[in-house]
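In: take a look and give me a structure for this.
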Amino acid sequence: MSETNPVHTRRVALATLIGTSIEWYDFFIYGAAAALVFGKLFFPSASPLTGTLLALSTFGVGFVARPLGGVVFAHFGDRIGRKSMLVLSVLLMGGGTFAVGLLPSAETIGAAAPILLVLLRIVQGIGIGGEWGAAAVMAVEHAPPHRRGFFGSWPQVGVPAGMLTANLAMLVMSRSMPEEAFLSWGWRLPFLASIVLVVVGIVIRLKVHESPVFEAARAAGRIERLPVLAVLRRQPVNVLRAAGLRFAENSTFYIHTTFVLTYGTTLGMERDQLLLAVIVSSAVGLISLPFYGWASDKFGRRPVVLWGSLVLLAMSWPYFWAIETRSLPLIVLATVVAVNVGNSGVYGPQPAYFSELFEPEVRYSGASIGAQAASVFAGGLAPVIATALFSATGGYHLIALYMSAMVMITIVTALLSPDPYGASLRRGAPATA
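Out: Numbers count the residues shown, from 1 in each chain. Here you go, the predicted model:
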């Protein structure tokens with residue numbers, strides 16, 4: 001099988017896009033519900049702000065579970081293949097989401113409700129933790145060398161596609177019924193509807209071919225018995241680099257798309273207005289992510305990541321100034337600049353960048369461990385830290401400072417990292433790179 005077979009390349013790109021769209025739909029449905037609904041339903045005895053903080057903490061639990069999913073899926077993805085992990089990850093994520101839609105509230109079953117919510121969130125986290133590495137590596141390993149950034153960005157496009165669908169679903173449910181009905185059963189419908197998407201995703205992913213790079217490694221007898229330990233032993237610095245390169249986009253993204261729903265409503269804004277800003281940004285992301293993937297093929301991965309990071313750094317305070325105006329056009333503009341001009345620049349090139357850092361027999365493990373470790377300390381904690389800082393100070397200045405610190409981690413990491421774009425994926429980056 002040719003490493004750059006155009007038919008297989010396009011088929012895998014489509015499969016990773018559709019599959020990750022489904023999984024991120026599930027993920028963002030939970031995030032939106034955590035910010036808008038779960039505090040009232042699962043932590044009713046707490047104050048409104050404390051209940052929201054607790055609900056967002058369950059959102060963060062999923063991030064803690066992601067490295068577990070990344071490690072387990074990476075082990076088997078590097079040993080038996082990428083394709084089977086793509087199918088299994090959809091099953092876990094979709095099953096957990098569907099079960100959340102059936103979960104009784106605390107008023108019905110008491111303390112068991114938030115406990116079950118956390119457990120299902122862990123299942124979701126394990127699924128999404130395994131998903132990213134498989135989709136990213138598959139898309140890149142099927143792509144021609146000069147277009148890895150572009151085709152590698154397709155799984156990334158699943159994030160705005162899933163977020164767009166999720167927030168549209170929540171917006172429709174919110175606007176089509178009274179608040180009481182929305183809190184009682186309306187919020188459940190987007191969760192339950194995800195089961196249809198899961199079936200579609202499984203069917204599509206079963207039709208893709210295994211990675212030609214993995215098949216070549218297997219034919220050459222270069223399959224590691226314990227790939228996770230192997231990558232930590234041979235390429236630990238590159239694992240840290242992959243983690244550091246994620247801090248900027250992962251932390252700021254969840255503030256721009258999840259915490260903002262809490263922050264804006266405390267300023268008296270309508271929930272639907274805030275969802276609209278996120279929806280517009282999601283639609284633009286369908287274009288901005290592949291654009292930055294293409295740009296990284298033309299200019300290199302590191303320059304594009306640095307550009308996006310600098311935009312995010314520059315937007316730390318202006319973003320909140322726009323929110324404070326309560327002007328929807330300004331909020332939409334600020335969100336698009338922060339997420340689509342800045343965040344997309346960091347996120348779009350990552351599948352190609354991370355894949356090129358690692359040797360083929362440990363590529364899934366290295367990319368997954370680095371990416372998911374960052375998701376715990378950056379993305380998962382970001383809405384919780386932002387809410388806590390806002391609760392303590394009543395303002396946004398410390399939140400903007402926190403965001404700036406997260407972005408600086410990525411800037412420093414990028415400056416200290418190699419840019420091996422265009423290197424052979426069958427060889428991989430040297431262990432000392």
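
In: quick one: the strands in the stretch 151-300 of the chain?
Out: Under the criterion DSSP state E, counting those that start in this stretch, the stretch 151-300 of the chain carries no strands.

In: actually the stretch 301-433 of the chain, not the one I typed
Out: For the stretch 301-433 of the chain, applying DSSP E, counting those that start in this stretch gives no strands.

In: point out where it drops to low pLDDT.
Out: 427-433 (pLDDT under 70).

In: now do the stretch 51-200 of the chain
Out: Residues of the stretch 51-200 of the chain meeting the criterion pLDDT under 70: 51-53, 55-56, 58-60.

In: ok, which stretches of it are helices?
Out: Using DSSP state H, counting those that start in this stretch, the helices of the stretch 51-200 of the chain run over residues 83-102, 106-109, 112-141, 148-175, 179-181, 188-206.

In: just send those back as a markdown table, with distance to P290 and mean neighbour count too.
Out: For the C-beta atoms, the positions are set from N, CA and C on the backbone; glycine is no exception. Output for the helices of the stretch 51-200 of the chain, formatted as a markdown table (distance: least, C-beta to C-beta, whole Å; neighbours: other C-beta atoms under 10 Å):
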| stretch | distance to P290 | mean neighbour count |
| --- | --- | --- |
| helix 83-102 | 20 | 22 |
| helix 106-109 | 43 | 13 |
| helix 112-141 | 12 | 25 |
| helix 148-175 | 5 | 24 |
| helix 179-181 | 38 | 10 |
| helix 188-206 | 19 | 18 |
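
In: can you tell me how far the most centrally placed residue in the chain is from F76?
Out: The centroid of the chain falls nearest to V159 when counting by C-alpha atoms, centre = their mean (6.2 Å). From V159 over to F76 the distance is 24 Å, taken as C-beta to C-beta, to the nearest Å.

In: now L328
Out: Here the criterion is C-beta to C-beta. By it, L328 lies 46 Å from F76.

In: S417 too?
Out: 28 Å.

In: of those two, who's got more company?
Out: Taking other C-beta atoms under 10 Å, S417 and F76 do not tie; S417 has more neighbours (21 against 17).

In: who touches the more buried one in this structure?
Out: By C-beta atoms under 8 Å, 6 or more residues apart in numbering, the residues touching S417 are 241, 244-245, 302.

In: and it, backbone torsions?
Out: phi -110, psi 150 (degrees, to the nearest 10).

In: circling back: which residues touch the residue lying closest to the residue nearest to the centre of the chain once chain neighbours are set aside?
Out: Spatial nearest neighbour of V159, chain neighbours left out: W24 (5.0 Å); criterion: C-beta to C-beta, 6 or more residues apart in numbering. Taking C-beta under 8 Å, 6+ apart, we find W24 in contact with 128, 158-159, 161-163, 166.

In: determine which two of these are furthest apart.
Out: By the measure C-beta to C-beta, I128 and A161 form the most distant pair in those, at 14.6 Å.

In: ends of stretch 170-183, how far apart?
Out: For stretch 170-183, the first-to-last residue distance is 11 Å (C-alpha to C-alpha, to the nearest Å).

In: who touches that stretch?
Out: By C-beta under 8 Å, 6+ apart, stretch 170-183 touches 29, 32-33, 36-37, 40-41, 186-187, 189-190, 271-272, 275-276, 279.

In: that concludes my questions; thank you for your assistance.
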